[in-house]
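Student: fold the following, please.
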Amino acid sequence: MEKTQRETIAWVDLLRIIACFLVVLAHACDPFVGKFDDNPSEFLSGAFFGSLVRACVPLFVMISGVLLLPIKADMGTFYSKRAKRILIPLAFWSMVLPVLYYLYINFGIEGTLNPGIVIENYTLEATVTKMYTFLFNFNYDTTPLWYLYMLIGLYLILPIISAWLTQASQKDIKRFLYIWIISTIVPYIQMAAPSLGYTGNYGSMGLFGECYWNGFGIFYYFSGFLGFAVLAYYLKRFPLNWSWKRTISITIPLFLVGYAITSLGFILTQKYFPGSYENLEVVWYFYGINVLMMTVAVFITVEKINISPSPMLSKVAGLTFGVYLCHFIIVQFGYDLVYSNLNLPAYIQIPLIAIIAFTISLFIIWLMSLNKFTRKVIQ
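Tutor: All right, here's what the predicted structure looks like:
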């Protein structure tokens, strides 16, 4: 961890590119996962690839923790700077993506085989509605933008948590992380509780004080994505200083165990809750204990790489936010292109779709970065 600021940025740039590609790969799996029992081989390919990449979003949050914590600016300055970088892209892509989807579905192809697409939702009237209801939440066309809503909430709390982190001892931060780790197990407890006789309260199946009039259970304030940011800060402030031998001996088993829980758990969930996205997503929660294991393994390993700074690496890393914002519809195009025209196994189609979508998205965002106006909605 004895690194200069430039070296630190270099490994973070690499991690950002990896995380971005994993996001694209994750969305390339979606149409295959949606096949369920209609095509078991395609479902399994989607399940195994989709489980492999679950660390993608938590890695982005950990990058924020590395780069932003501790926060030196006052709250007003921090909020103002972050608002410009988040709200403008959120508004722009929330309005543009539905339009692009409308044009693609109605004029770009004869018909998509993506099970996630409901053609009736792509009328002109429905598209106009999508363009302003982003004020309430994202929709299918803007699925990746859920991250921006979460990120806004994370940014709101970071100055407050930062003030504590700067004066907290190593033991205090560890206590926070221990409680947070316990919270990553709660979703599984909630899944298992009914089989142990738990019937909920007044129709609500929430745990530990959660009910219809209270959504804030015991672990609410210690749960979610905030823990990843705190963990990244902890690893920066209290470096592990492991040798490569020790790093690999810990991170590889940690990743493999996390992946085994994620992939096999996803398949078993489909077996016992067929076609239930609500239950399937529990195993794929980004803040579940299994995904935490995979995320920590990737983060520690990449941080250990002795990578030299390079203009190309920094340039590509700087474009990843834009790639994240625009890639979803490009994945849709890649799926229709590959699935309809190439008779290949699903386990080959999925990474091929991801590579096509990532490359095209990167090129589009690079072009947008050349203009001072479009640059504002991608960086």
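Student: when you work out contacts or count neighbours from here on, use the C-alpha atoms and nothing else.
Tutor: Will do.
Student: give the contact list for the closest residue to residue 53 other than its chain neighbours.
Tutor: Spatial nearest neighbour of residue 53, chain neighbours left out: residue 22 (5.4 Å); criterion: Cα to Cα, 6 or more residues apart in numbering. The contact partners of residue 22, taken as Cα atoms under 8 Å, 6 or more residues apart in numbering, are 53, 54, 55, 56.
Student: I'd like to know which of those is nearest to residue 192.
Tutor: Checking these against residue 192 by Cα to Cα gives residue 54 as the nearest, at 22.2 Å.
Student: any idea how far residue 60 is from that closest one?
Tutor: 12 Å (Cα to Cα, to the nearest Å).
Student: neighbour count: the two, which is higher?
Tutor: Summary of the neighbour comparison: residue 54 and residue 60, criterion other Cα atoms under 10 Å, with residue 54 having more neighbours (29 against 21).
Student: state the pLDDT value of the more buried one.
Tutor: Taken from the predicted model, the pLDDT recorded for residue 54 is 96.
Student: helix, strand or coil: sort out it for me.
Tutor: For residue 54, the assignment made with DSSP: H, G, I helix; E, B strand; the rest coil gives coil.
Student: residues contacting it?
Tutor: Under the criterion of Cα under 8 Å, 6+ apart, the neighbours of residue 54 are 22, 26, 284, 286, 291, 294, 295.
Student: residue contacts, the third one?
Tutor: Residues in contact with residue 284 (Cα under 8 Å, 6+ apart) are 51, 54, 262, 266, 291.
Student: and if you look at the last one?
Tutor: Remark: with contacts taken as Cα under 8 Å, 6+ apart, residue 295 is in contact with 54, 55, 56, 58, 59, 255.
Student: now do the second one
Tutor: Contact analysis of residue 26 by Cα under 8 Å, 6+ apart lists 49, 50, 53, 54.
Student: element containing it, please.
Tutor: For residue 26, the enclosing helix or strand under DSSP states H and E is helix 5-33.
Student: check which residues of stretch 338-355 are buried.
Tutor: Along stretch 338-355, these residues count as buried under the neighbour rule (16 or more other Cα atoms under 10 Å): 338, 339, 346, 347, 349, 350, 351, 352, 353, 354, 355.
Student: how close does the closest residue to the fifth one other than its chain neighbours sit to residue 329?
Tutor: Take residue 349 and drop its neighbours on the chain: the residue closest to it by Cα to Cα, 6+ apart is residue 338, 6.7 Å away. As judged by Cα to Cα, residue 338 and residue 329 stand 14 Å apart.
Student: same check, this time on residue 144
Tutor: Residue 144 sits 10 Å away from residue 329 when distances are taken as Cα to Cα.
Student: who's in contact with residue 82?
Tutor: Under the criterion of Cα under 8 Å, 6+ apart, the contact partners of residue 82 comprise residue 155.
Student: give me the next element, helix or strand, following the helix or strand that contains it.
Tutor: Under the criterion of DSSP H and E, residue 82 resides in helix 75-103. On the C-terminal side of helix 75-103, the nearest following helix or strand under DSSP H and E is helix 124-132.
Student: contacts for that next one, please.
Tutor: Counting by Cα under 8 Å, 6+ apart, residues outside helix 124-132 touching it are 94, 95, 96, 98, 99, 102, 121, 139.
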